[in-house]
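1. Have a look; sequence and predicted model below, questions after that.
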Amino acid sequence: MRRILAILLLLALSTQALAAIKRADPAYLATIEDDDPLRLPRNLAPQEINLPPNRVPDQPFAAPTGPVRAQAEYEASQGILIRWGSYNALQTEMVVPLTTATPPSDVWVVVSGSSQQGSASGVLSAAGADMEHVHFVVASTDSVWMRDYGPRFINDSGRRAIVDHTYNRPRPNDNLFPSNYGAQIGEPVYALPLIHGGGNFHLFGNRDAWMTRLVVNENPGLSEQQITNYFAAYEGLAVTLTDPFPSSYDSTQHIDMWMLPLEDHKVIIGEYAAGEGGGVPKTVTDATTAQMQTLGYTVLRTPGWQSGGTHYTYTNSVVVNQVVLICRFNGQDARNAAALATYQSALPGHDIVAVDCSSIITQAGAIHCIVMHVPDLLFRDEFDPAG
């Protein structure tokens, strides 16, 4: 019942949302500075290439005992979790519309301590964020890429819990963050015995989930069936694996660089030219498009391309309740307009907000990579593992 009332409220307020939402002033955004002593890319930094990877801990692993359900990103949520320090202007550009929407979403901001919290609070407040919906989490972290190492929330027999994989980057503080955060908020944490990067993962409300075979390549002691069985046990999902892009084209090989679920049975998939990346990006995305259409999905396409060694994409975007944060890139007016029109037609009644990803995209990621969705404490009134 609560879920139905929430949906009705969103529908009733949808006509007000466009008028109420705020954007940060670009002139003010240009004055914001980062305070991260070491800005790490989404892929490996040069100094990390020869470091030993994080190791899956030697411990008994136990999946949740009851029925489990992972929530799709487009389903109603409390908001998002981000990490302050790198790309502060971009994060401010995201936080302002989210916290001032009607109704607003909450944002949890991970900071290193009281000094950084005061700085972040001042920046966000001056930009126009509604600070009643901004909350701070003090924790040690290494990088901004919250999607890849952050806590994956599940409904565990009617209570919220966290699934924590071993981060596929040699960043020990990032790797420990989900378990430390779970302890802070008093929620169970289930260790998923896989090396994984969380951006290589998308799911729908019907329990379908999609990943590239990067997860297989990074867990060579396990079969594809064993890996998909883990996601069924820990998150209640049926996983389909696709081929990854070549690492020379996309160094992360994550699926969020070319796919974004929008609604039940509606998805955006990047569209690539023949010949790029040896033809693999086009082959993979066209094949996935055809496969999903056969399964009854509506598939929309947005441009994807590589230039100067950077993989540009509009699928690395974020749906948070009625607000949709999408990428825009300098010097790409025609492609920006085409992507904006696709999102507007696909999600009428939503606030589509284009934010400047020109800088972050050169680091092998964009806005989806730096947020983790936070569902309600009880995000289904009547638990139904089938969706």
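-> That came in fine, so what should we check first? Note that the coordinates shown come from a computational prediction; the quantities given were computed from them, not determined experimentally. Numbers count the residues shown, from 1 in each chain.

2. secondary structure element for Asp148?
-> Asp148 is part of helix 146-149 when elements are defined by DSSP states H and E.

3. and that helix, which residues are buried?
-> 146-149 (16 or more other C-beta atoms under 10 Å). C-beta: built from backbone N, CA, C; applies to glycine.

4. What of stretch 272-286?
-> Neighbour-count burial for stretch 272-286 flags 272, 276-277, 280-282, 284-285 (criterion: 16+ other C-beta under 10 Å).

5. just stretch 136-145 next, same as before
-> In terms of neighbour count (16+ other C-beta under 10 Å), stretch 136-145 has its buried residues at 136-137, 139, 141-145.

6. Dump those residues to a markdown table, plus pLDDT.
-> Below are these laid out as a markdown table (pLDDT from 0 to 100):
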| residue | pLDDT |
| --- | --- |
| Phe136 | 98 |
| Val137 | 98 |
| Ala139 | 98 |
| Thr141 | 98 |
| Asp142 | 97 |
| Ser143 | 98 |
| Val144 | 98 |
| Trp145 | 98 |
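
7. Return the closest of those residues with respect to Pro244.
-> Within the buried residues of stretch 136-145, the smallest distance to Pro244 is 17.7 Å, found for Trp145 (C-beta to C-beta).

8. picking that back up, mind putting the buried residues of helix 146-149 into TSV with pLDDT and distance to Thr313?
-> Below are those laid out as TSV (pLDDT from 0 to 100; distance: C-beta to C-beta, whole Å):
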residue	pLDDT	distance to Thr313
Met146	98	18
Arg147	98	14
Asp148	98	16
Tyr149	98	21
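
9. circling back: of the buried residues of stretch 136-145, which belong to strands?
-> Of these, the ones assigned to strands by DSSP state E are 136-137.

10. one step back: out of the buried residues of stretch 272-286, which one sits closest to Asn175?
-> Comparing the buried residues of stretch 272-286 against Asn175 with C-beta to C-beta places Val284 closest, at 28.7 Å.

11. could you point out which element follows whatever helix or strand that closest one lives in?
-> According to DSSP H and E, Val284 maps onto helix 280-294. Sequence order places strand 298-307 as the next helix or strand after helix 280-294, per DSSP H and E.

12. tell me what the following helix or strand past that next one is packed against?
-> Using DSSP H and E, the helix or strand that follows strand 298-307 towards the C-terminus is strand 310-313. If contacts are counted by 3 or more C-beta pairs under 8 Å, 6 or more residues apart in numbering; DSSP states H and E, strand 310-313 sits against strand 298-307.

13. Count the residues that sit near Ala63.
-> As a burial measure, Ala63 scores 18 neighbours (other C-beta atoms under 10 Å).

14. before we move on, what about Ala366?
-> As a burial measure, Ala366 scores 30 neighbours (other C-beta under 10 Å).

15. Repeat that for Pro52.
-> Residues contacting Pro52 under the criterion other C-beta under 10 Å number 6.

16. likewise Lys266?
-> Number of residues near Lys266 (other C-beta under 10 Å) recorded here: 17.

17. so it makes contact with Gly296?
-> No. Contact criterion C-beta atoms under 8 Å: Lys266 and Gly296 do not qualify, at 10.3 Å.
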